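[1] A structural model of the following input is requested.
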Amino acid sequence: MRNVRPALWFDLVLLALFVAITVALALRTPLLSVDLAVRDFVDAHRPTWAYWTARVFNYLGQGGQVLTPLAVLTAVFVGWRTHSVRPALPVIGGTVITYVTIGPLKVWTDRTAASDDDVVHPEYLFHVPTGMSYPSGHVVNAIVWYGVLAILLGGLLPPGQLRVIRYGAPAVVLFTTTYLSFHWVTDGLAAICLGIVLDRILQRVPWNTIPLPSWFTARGWSGPIDTAEFAKSTSLR
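    Residues are numbered from 1 along each chain as shown. Just a heads-up that it's a prediction; the model follows:
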């Protein structure tokens, strides 16, 4: 297992924060007033040009429509250049880890979107069985999938550009989902905690040493995701 800094205690802190936010919302504490205040503020300060700009940038967090296909295409490209099937492994890991966490949590918490005007107290958790707002899937997807892209592009891009991919895009998605009232601000905050934990789990996996079926090994398709030859053979670096 690869070392990820900070150590495991950081994951536990993030999980504790996620639980604390969830409990605070479930108990209907004053934290709900923060959600309402932020929602009312952005609704009152959203000119048409800003709305459409935010809508465009919000696609950076579209999992099934944008991020998953982008990760698959990147894995195919990197796998072709490195002559390895290993680039597919982080994509499979990202798919599984988001599928078993985001969806069940959304179904369980029953919270509607900040833009829902047809529900009395849409800010409440465990309030509307059809609600699917908590936590923000866009934000979790952005953190997880841009982390996967960083794993795949580790042999291509310098660290500075990788950091922009990993942190810049999720920050934009967090802002746009809140600004457009697609999500409550606490949906995003909880998603940050959950998404970073999931990302750190994927970053710990030793993708380059996971045993593969002998068929791939015998045919030379079991090499590491990022190789010196890969970095030298591309003009993108």
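
[2] remind me what the helix or strand hosting residue 144 packs against, helices and strands.
    In this assignment (DSSP states H and E), residue 144 forms part of helix 137-152. Packing partners of helix 137-152 (3 or more C-beta pairs under 8 Å, 6 or more residues apart in numbering; DSSP states H and E): helix 68-82, helix 88-99, helix 102-109, helix 169-179, helix 185-204. Backbone N, C-alpha and C define where each C-beta goes, glycine included.

[3] go again with 10 Å.
    helix 68-82, helix 88-99, helix 102-109, helix 159-163, helix 169-179, helix 185-204 (3 or more C-beta pairs under 10 Å, 6 or more residues apart in numbering; DSSP states H and E).

[4] ok, of these, where does mean pLDDT dip lowest?
    Note on the helices and strands packed on helix 137-152: lowest mean pLDDT is at helix 159-163, with a mean of 87.

[5] residues touching the residue nearest to residue 207 when sequence neighbours are not counted, list them.
    Leaving aside its sequence neighbours, residue 207 sits nearest to residue 89 (C-beta to C-beta, 6 or more residues apart in numbering; 5.1 Å). Counting by C-beta atoms under 10 Å, 6 or more residues apart in numbering, residue 89 touches 75, 79, 148, 151, 202, 205, 207-208, 210, 212, 225.

[6] just the buried ones from those residues?
    With burial judged by 16 or more other C-beta atoms under 10 Å, the buried subset of those is 75, 79, 148, 151, 202, 207, 225.
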